[in-house]
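>>> what's the 3D shape of this:
(chains A and B)
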Amino acid sequence: MNNVEISKILNAMAVFYEMEGVSFKPRAYEKAAEAVAAHRESAADIFKHGGEKALMDIPGVGPGIAAHIAALLTKKTFPEYQRLKKKYPLNLDELGSIEGLGPKTILLLYKKLGVKDLKDLERAARAGKIRKIPHLGIKSEQNILRGIDFMRRSAGRIPLGYILPLAEEIEARLGQVPGVRRAVICGSIRRRKETAGDIDILVTTSKPKAAVDYFVSMPEVEAVYARGEGKASVRLKIGIDADLRVVPKESLGAAVQYFTGDKQHNIHLRTIAIKKGYKLNEFGLFRDAKNVACETEEEIYGHLGMDCPSPEMRTDTGEIEAAIAHKLPKLISYDSVRGDLQTTTNWTDGAKSIREMAVYAKKLGLEYIAITDHTKALAMTGGLDERGLARQAKEIEKLNTEFNPPNRRTKFKILKSAEVNILKDGSLDISDEALAKLEIVGAAVHTNFNMSESEMTERIIRAMQNPNVDIIFHPTGRLLNRREPYKVNMEKIVAAAKATGTVLEIDAFPDRMDLCAEHVRLAIKAGVKLSIDTDAHAPEHLEYLNLGVALARAGWAKKSDIVNTMPLKEFLEWLKKLKKKR
DNA sequence: GCCGTTTTCGGCCCGACTGTTTTCAGTCG
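Prediction:
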């Protein structure tokens, strides 16, 4: 049983206890579930090497839950889970993923209408049965239907950050199969789209059968749809499909181009090929029957008289025209971000200490991180007030001294910062005096999401007008597959950011990934600076930075557009200048 | 059920919004 599966069961326990009306246990199980899911090392390995006791090193896991996890690993279940699952025979995976539907309502619907899964729920809602239940009404019924619709539209797609590591692992393992020369991820994952619906991998090999045999028998495979000489299609246990195609090594470039997409980009490209007297398909670029280019993508684009746009840009939104004009921007490269400007520690709802975050950041080669714990209006996270921020500042100063002994050449800096809440009226929940003492201030909307576009836009603009605010964190507030972005007029936000010198954030956390590519382009065009941050709540989350780079590249960002590509010294000077200007 | 610079037992779960209500339960961040 892997960490995700364990986490799911712990989450189910939280829901069950919520239904039972038990206090405190739900939060405890939820926290443990979250920690297990985020934990790098697999619980199975930890248990194998250190037993139950070692499991307790996972934050939020104590003796009780450690015993449950041990039972899950050895017996696939534990008595309390069995009992509650029997008492509430519900598909919580389905019902729990509908926005606005919590444990109590799920229980109510089960008791009154026998709703056990999504199918039951939709039937009941469509039949108008939900509105008749006391405490629920027409609006609740409509909200449930809307929730189902939203879930359907996003279902089956997994955030890039969660699927990319697996895709890369499969790619690497395929590369090791005897006979295989190359294995290449294609499709939306190669384009680094925010979510992926499937994994597409191409291989060139001298032994097609061996590659197909390996692919369909991987441990991640749940079912095999099809397996042939040069192609296989499977369902993975994580709930999406994966396709393997064996292609001749001479036409790898053409196949990679074809299967990378996107569709609109390829249609446009093929039209250009036709106009120039060619035919373009997955086997090559043909003039009459002669294949003139197929080994590399560059070769194909070159024959069509254009530069090769990087996969992230291929959406047919101007990249082809730019490629023809040889005016593609020099995109920000991966690994060029030098600091993370949004990180959360155990001073609020992060998992680890400032020191642990800093140590990990340093290990990744970063030169600075801003500690941006939540502030007081977010009570649920234990948000810091002015006094808390002052206490934290002392701790940071102490650590900075420790991290930078006088004799050491390489510098690492922890910046005093905060993720300040933008209140409903656009004011902030921390006094200006306290904000002025921080080295960099991020502000974000965390409450009152359902405002009209004009109200929300005004609210954020007002926050930007506070001279202490340097960055707007996750400017659209979307949560992939879970929450729509709040309504804002991005043109106005960008204009205000330009006027106030405020940085807009590209949030690299897999569930967030805002801004979207179009917004990035809009900001860059207006000359607004951006930052790429992870919103890390645990040290490993710092590794998500590259997802933000991917998003920046999709939005045509150059290195100079992103403030935290600057080396430490230059960044601090820039920050000083920024503060002075206001 | 977990946890510890308010510590080994007694806290933890706060505030706003929504939809249903006429005084409040459920949900979310």
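
>>> mind listing what's buried in the host helix or strand of A:A499?
A:A499 belongs to helix A:490-500 when assigned by DSSP states H and E. The neighbour-count check on helix A:490-500 (16 or more other C-beta atoms under 10 Å) flags A:M490, A:I493, A:V494, A:A496, A:A497, A:T500 as buried. Where C-beta positions appear, they are placed from N, C-alpha and C, glycine not excepted.

>>> and the gap between the most centrally placed residue in chain A and DNA strand B?
Per C-alpha atoms, centre = their mean, the C-alpha nearest to the average position across chain A is that of A:P510, at 0.7 Å. Remark: distance between A:P510 and DNA strand B (C-beta to the nearest atom of the strand, to the nearest Å) = 15 Å.

>>> same question for A:E540.
From A:E540 to DNA strand B the distance is 17 Å (C-beta to the nearest atom of the strand).

>>> I'd say that residue and A:A361 touch.
No. Using C-beta atoms under 8 Å, A:E540 is not in contact with A:A361; the gap is 11.2 Å.

>>> tell me which of the two has more neighbours.
Set A:E540 next to A:A361 and count neighbours by other C-beta atoms under 10 Å: A:A361 wins out with 23 against 16.

>>> what about that one, which SS state?
At A:A361 the chain is in helix, as set by DSSP: H, G, I helix; E, B strand; the rest coil.

>>> contact partners for the nearest residue to it once chain neighbours are set aside?
Spatial nearest neighbour of A:A361, excluding adjacent residues (C-beta to C-beta, 6 or more residues apart in numbering): A:I369 at 4.6 Å. Counting by C-beta atoms under 8 Å, 6 or more residues apart in numbering, A:I369 makes contact with A:G339, A:D340, A:L341, A:T343, A:M357, A:A358, A:A361, A:I414, A:L415, A:L542.

>>> may I have stretch A:479-491 as PDB, with CA atoms only?
In PDB, the C-alpha atoms belonging to stretch A:479-491 read as follows (Å, rounded to 0.1, in the frame of the first residue of the first chain):
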ATOM      1  CA  LEU A 479      -7.300  25.300  -7.000                       C
ATOM      2  CA  LEU A 480      -7.000  22.900  -9.900                       C
ATOM      3  CA  ASN A 481      -9.900  20.400 -10.000                       C
ATOM      4  CA  ARG A 482     -11.300  21.900  -6.900                       C
ATOM      5  CA  ARG A 483     -12.000  25.600  -7.100                       C
ATOM      6  CA  GLU A 484     -12.600  28.000  -9.900                       C
ATOM      7  CA  PRO A 485     -10.500  31.100  -9.800                       C
ATOM      8  CA  TYR A 486     -12.200  34.100  -8.200                       C
ATOM      9  CA  LYS A 487     -13.400  36.700 -10.600                       C
ATOM     10  CA  VAL A 488     -10.900  39.400 -11.300                       C
ATOM     11  CA  ASN A 489     -10.300  41.700 -14.100                       C
ATOM     12  CA  MET A 490      -6.700  40.800 -14.900                       C
ATOM     13  CA  GLU A 491      -6.200  43.700 -17.300                       C
END
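
>>> near DNA strand B at all, it?
Yes. Against DNA strand B, stretch A:479-491 shows contacts by C-beta under 7 Å from any atom of the strand at A:L479, A:R482, A:R483.

>>> now which of those residues would you call buried?
The buried subset of the residues of stretch A:479-491 next to DNA strand B (16+ other C-beta under 10 Å) comprises A:L479.

>>> could I get the pLDDT score of A:K416?
The model reports A:K416 with a pLDDT of 95.

>>> assign it to helix, strand or coil.
Once three-state DSSP is applied, A:K416 turns out strand.

>>> so who does it touch?
A:K416 makes contact with A:A370, A:I371, A:L389, A:Q392, A:A393, A:I396, A:K437, A:L438, A:E439, A:I440, according to C-beta under 8 Å, 6+ apart.

>>> flag the shaky bits of the stretch 51-200 of chain A, pLDDT-wise.
Applying pLDDT under 70 to the stretch 51-200 of chain A flags the ranges A:154-156.

>>> actually chain A, sorry about that
A:154-156, A:379-380.

>>> after the helix holding A:A499, next one along is what?
Helix A:490-500 is succeeded, C-terminally, by strand A:503-507 (DSSP H and E).

>>> A:C294 and A:L285 touch, don't they?
Yes. A:C294 is within contact range of A:L285, at 6.5 Å (criterion: C-beta under 8 Å).

>>> list residues touching both of these two?
Shared contacts of A:C294 and A:L285, counting by C-beta under 8 Å, 6+ apart, come down to A:A254, A:I300.

>>> so A:L438 sits in a helix?
No. Counting by three-state DSSP, A:L438 falls outside a helix, being coil.

>>> quick check: closest non-adjacent residue to it.
A:K416 (5.0 Å).

>>> that's a helix at A:L101, yeah?
No. Counting by three-state DSSP, A:L101 is not found in a helix; it is coil.

>>> was I right about it contacting A:I144?
Yes. If you go by C-beta under 8 Å, A:L101 and A:I144 touch, sitting 6.5 Å apart.

>>> out of the two, which sits in the busier spot?
Neighbour count, other C-beta under 10 Å: between A:L101 and A:I144, A:I144 has more, with 23 against 19.

>>> if you rank the contacts of A:K416 by neighbours, which is first?
Busiest of these [other C-beta under 10 Å] is A:I371, holding 29 neighbours.

>>> my guess is that residue contacts A:K413, does it?
No. Here A:I371 lies out of contact with A:K413, judged by C-beta under 8 Å, at a distance of 10.9 Å.

>>> and the residue in the stretch 151-300 of chain A positioned nearest to DNA strand B, what does it touch?
Here the stretch 151-300 of chain A gets closest to DNA strand B at one residue, A:M151, 11.3 Å apart by C-beta to the nearest atom of the strand. Applying C-beta under 8 Å, 6+ apart, one finds that A:M151 lies in contact with A:S97, A:I98, A:E99, A:L118, A:N481.

>>> is it true that the fourth one touches A:L95?
Yes. In this structure, A:L118 sits in contact with A:L95. The criterion is C-beta under 8 Å, and the distance is 6.7 Å.
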